[in-house]
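Engineer: return atomic coordinates for the entry below.
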Amino acid sequence: MSHDSLTRRHLLAGTAGALAASTVLPHAHPTMAAEPTANWKITKGRIKQSVVSWCFNPMPVEELAAGAAALGFSSLELADPKHWPTLAKHGLTCAIAGSHGFAKGWNHKENWEFCKDKIEAAVEASADFGCPNVITFSGMLEGIDPDEGKKNTVEGLKTVIGLAEEKKINLCLEMLNTRVDENMKGHPGYQCDSIEWAADVCKAIGSPRMKILFDIYHVQIMQGDVIVRIRQFKDLIAHYHTAGVPGRRELDDAQENNYSAIMKAIVETGYTGYVGQEFIPTQPDKIASLRQAAMVCDV
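Structural biologist: Now for the predicted structure:
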């Protein structure tokens, strides 16, 4: 037997032994370092955390606000402005305000008046309350030529960007996934289904107040390379959303994103905005689910 054969045999034996040993070692999902205790709260704070109200329905906003504040959250977002005094009572802001919704967007000119009215009202209310961002959407394709839809989106948003600049409010175009055909987990037919599409619109408008809402859940489903895209488009991102993939569930070991690594990458870009927890709790104790997600993201 040659010396090379012996060397290969020893290498293979060593590799097999290492693999066997690794199978008996405890291995935790990277987002699950430990379970938070009932009195745990955000301590590091390099990520300003927010919670999205709709995901926790039918929990009353008052109850969610109290629970989020006790965990050290900074914001409860996408809540109706009528609830904003409740947020303030609990020491919370609203990181991003709602507007016209994703179904009727700027890509169809017949929606412009509707979208403009909603955006302008949201910008005015946000400026009065101290909310830094307003969400906006491309809308559904619904048979329109994609190039025309993108052109309409750019031109439509130009009609409201001046007010956003005046009031110092960011308009945040959200990218959504079109692959999952399940209510509020995917949006087949939505036009802005890539970060590059959203970036093209922002660059065409050319305003420092035209930004991207980077939804990690949707980006992972459509494109992957989440950290690469965070670094690539960091200068255009004004808000983030989270959720576990698949299922838009908790940020636990039953989903595929490494949220601890993603949050660290966000911090490394110099980002100082908010990260909104937009997962739909599957556990009976929704505040416990929120606590666990907050711990994962408190890097």
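
Engineer: Gly224: neighbour count?
Structural biologist: By other CB atoms under 10 Å, 13 other residues sit near Gly224. Every residue, glycine included, has its C-beta placed from N, CA and C.

Engineer: helix, strand, or coil at it?
Structural biologist: Secondary structure, DSSP: H, G, I helix; E, B strand; the rest coil: Gly224 is coil.

Engineer: which residues are in contact with it?
Structural biologist: For Gly224, no contacting residues are found, by CB atoms under 8 Å, 6 or more residues apart in numbering.

Engineer: got phi/psi on it?
Structural biologist: phi 70, psi -160 (degrees, to the nearest 10).

Engineer: and it, what's its pLDDT?
Structural biologist: Looking at Gly224, its pLDDT reads 96.

Engineer: likewise Leu11?
Structural biologist: At Leu11, the model reports a pLDDT of 44.

Engineer: residues in contact with stretch 197-216?
Structural biologist: With CB under 8 Å, 6+ apart as the criterion, stretch 197-216 contacts 96, 133, 135, 138, 150, 153-154, 157-158, 161, 164-165, 168-176, 191-192, 195, 226, 229-230, 233, 236-243, 257, 259, 262, 278.

Engineer: show the contacting residues for the residue nearest to Gly244 when sequence neighbours are not counted.
Structural biologist: Leaving aside its sequence neighbours, Gly244 sits nearest to Gln255 (CB to CB, 6 or more residues apart in numbering; 3.1 Å). By CB under 8 Å, 6+ apart, the contact list for Gln255 reads Gly244, Val245, Pro246, Gly247, Arg249.

Engineer: just among these, which is most surrounded?
Structural biologist: Gly244 (24 neighbours).

Engineer: how many residues are close by Arg179?
Structural biologist: 12.

Engineer: that one and Val245, how far apart?
Structural biologist: Per CB to CB, to the nearest Å, Arg179 is found 11 Å from Val245.

Engineer: intersection of neighbour lists for the two?
Structural biologist: Ile221.

Engineer: could you list the low-pLDDT ranges of the stretch 1-150 of the chain?
Structural biologist: Along the stretch 1-150 of the chain, segments meeting pLDDT under 70 span 1-34.

Engineer: change it to 90
Structural biologist: Residue ranges of the stretch 1-150 of the chain with pLDDT under 90: 1-39.

Engineer: what segments of it are helices?
Structural biologist: Assigned by DSSP state H, counting those that start in this stretch, the stretch 1-150 of the chain shows helices spanning 3-23, 61-70, 84-89, 112-129, 146-167.

Engineer: quick check: phi and psi on the residue positioned nearest the centre of the chain?
Structural biologist: Closest to where the C-alpha atoms of the chain average out (CA atoms, centre = their mean) is His241, at 1.3 Å. Backbone geometry at His241, expressed as degrees, to the nearest 10, gives phi -130, psi 150.

Engineer: pretty sure Val296 contacts Ala261?
Structural biologist: No - contact criterion CB atoms under 8 Å: Val296 and Ala261 do not qualify, at 10.5 Å.

Engineer: more crowded one of these two?
Structural biologist: Counted by other CB under 10 Å, Val296 and Ala261 do not tie: Val296 has more neighbours, with 25 against 14.

Engineer: so which strand or helix has that one?
Structural biologist: If you go by DSSP states H and E, Val296 is part of helix 286-297.

Engineer: go ahead and confirm Leu141 touches Gly149.
Structural biologist: Yes - using CB under 8 Å, Leu141 is in contact with Gly149, at 6.1 Å.

Engineer: overlap in contacts of these two?
Structural biologist: Asn107, Gln191.

Engineer: the more surrounded of those two?
Structural biologist: More neighbours surround Gly149 than the other of Leu141 and Gly149, with 23 against 18 (other CB under 10 Å).

Engineer: excluding chain neighbours, give the residue nearest to that one in space.
Structural biologist: Nearest residue to Gly149 in three dimensions, chain neighbours excluded: Asn107, at 3.6 Å (CB to CB, 6+ apart).

Engineer: Glu165 now?
Structural biologist: Per CB to CB, 6+ apart, closest to Glu165 is Arg209, 5.0 Å.

Engineer: tell me, how many residues neighbour that neighbour?
Structural biologist: Residues near Arg209, counting by other CB under 10 Å, number 23.

Engineer: nothing else from me, thank you.
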